[in-house]
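Peer 1: Have a look at this fold, sequence not included:
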């Protein structure tokens, strides 16, 4: 296998969250195959995660602080507006640093643009002779509801390959006139280890306390489920801007005694092993790593079927249960089924352990290397 210079270009090098964790994991996997890996961030992370003392890749950040967006030019001046010209000059200067990194790379280098905002700088840099792969780490529907939709079509239209997370999402982008699509699932973020015994009366939720993660919807579902299964606890791991509002909602629903706001955890496997059911109530997702982690811990999942990546991971009635997006009563019924039936929990938990192995990190890394070889030809 050819050993290459591989650049990840992202919004940040080490932002806490799913994309940051995926990026650090894949960079480590590729470095383990002998590739020379660099992660380039446009700006410093607002909430950095720990990359460890000696990560097997180098890191570069282009700006000392997050740059402002491009100002809207005054009508009479257009692109001659001094504020616009200053902004564009700063972008070109930062992009020239990328050009320097790319020109110093050996032939056969690969540039993986993790997020479309970062692609705005890559588009200004000289990538001649290198393969450029763009990525969208969210479902087509989530992108369609945001400003990223137009930017994906604008900035990723000419890259060598645009990767979605699932075949279903890739097909939707093809329907928008994009003709360079592929898809690549996320690798399992941890090796299946000691599974949960599934004996604790705990339903776990892990994720940022934000509107997108739908913990408010989860609390509504829990208010229906908890009275039907006394003695169970909903343990919510995470921090975020919605925490105070969610605590108030918990009190309004009268479920404070059965809900534990456990804060941020640095031990996700331990949190999962201490639970018997995992629940995800997101309004939108890409290819959620925490579902993979729960299944690797032998914990059956209940989730809203809010994205192709969710149903790609969880097989309804096989290794977990899926509810229609936003349907809190259906989510509650699924929770009660698993909470009330130990045999069902065990059967689905054991099947989750088996089925999640299709996302084995070595197998996903093999797919990346085959893609590099194919695009070089």
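Peer 2: Yes, it's here. Note that the structure is a prediction, hence the values are computed from the model and not measured.
Peer 1: so what's the residue nearest to residue 92 when sequence neighbours are not counted up against?
Peer 2: Take residue 92 and drop its neighbours on the chain: the residue closest to it by CB to CB, 6 or more residues apart in numbering is residue 124, 5.9 Å away. Heads up, the C-betas are built off the backbone N, CA and C, glycines and all. With contact taken as CB atoms under 8 Å, 6 or more residues apart in numbering, residue 124 is in contact with 91, 92, 95, 98.
Peer 1: switch to 10 Å and redo it
Peer 2: Counting by CB atoms under 10 Å, 6 or more residues apart in numbering, residue 124 touches 88, 91, 92, 93, 94, 95, 96, 98, 99.
Peer 1: Quick check: which of those has the minimum pLDDT.
Peer 2: In terms of pLDDT, the least confident member of those is residue 88, at 85.
Peer 1: what helix or strand is the nearest residue to residue 15 once chain neighbours are set aside on?
Peer 2: Spatially, and ignoring its direct neighbours in sequence, residue 15 is nearest to residue 45 (4.2 Å; CB to CB, 6+ apart). Using DSSP states H and E, residue 45 is not contained in any helix or strand.
Peer 1: ok, residue 45 touching residue 24?
Peer 2: No: the pair residue 45 and residue 24 fails to qualify as a contact (CB atoms under 10 Å) at a distance of 11.6 Å.
Peer 1: Now do the shared contacts for the two.
Peer 2: 13, 14.
Peer 1: Between these two, which has more neighbouring residues?
Peer 2: residue 24 (22 against 18; other CB atoms under 10 Å).
Peer 1: Enumerate every residue touching the more buried one.
Peer 2: 8, 13, 14, 39, 49, 50, 51, 52, 55, 57, 59, 189.
Peer 1: pretty sure the first one belongs to a helix, no?
Peer 2: What that stands for is residue 8. No: counting by DSSP: H, G, I helix; E, B strand; the rest coil, residue 8 falls outside a helix, being strand.
Peer 1: The nearest residue to it once chain neighbours are set aside - how many residues pack around it?
Peer 2: Taking CB to CB, 6+ apart, and ignoring the residues beside it in sequence, residue 8 has residue 39 as its nearest neighbour in space, at 4.6 Å. Per other CB under 10 Å, the neighbour tally for residue 39 reads 26.
Peer 1: ok, back up a step: in a helix, that's where the residue nearest to residue 92 is, yeah?
Peer 2: No: looking at residue 124 with three-state DSSP, it is coil, so not inside a helix.
Peer 1: What pLDDT does the model give it?
Peer 2: Reported pLDDT for residue 124: 97.
Peer 1: could we number from 356 for the rest of this?
Peer 2: All set: I'll call the first residue 356, so the last point we hit is now residue 479.
Peer 1: and the gap between the closest residue to residue 531 other than its chain neighbours and residue 600?
Peer 2: With CB to CB, 6+ apart as the criterion, residue 531 has its nearest non-adjacent residue at 6.4 Å, and that residue is residue 508. Distance from residue 508 to residue 600, counting by CB to CB, to the nearest Å: 35 Å.
Peer 1: That'll do, ta.
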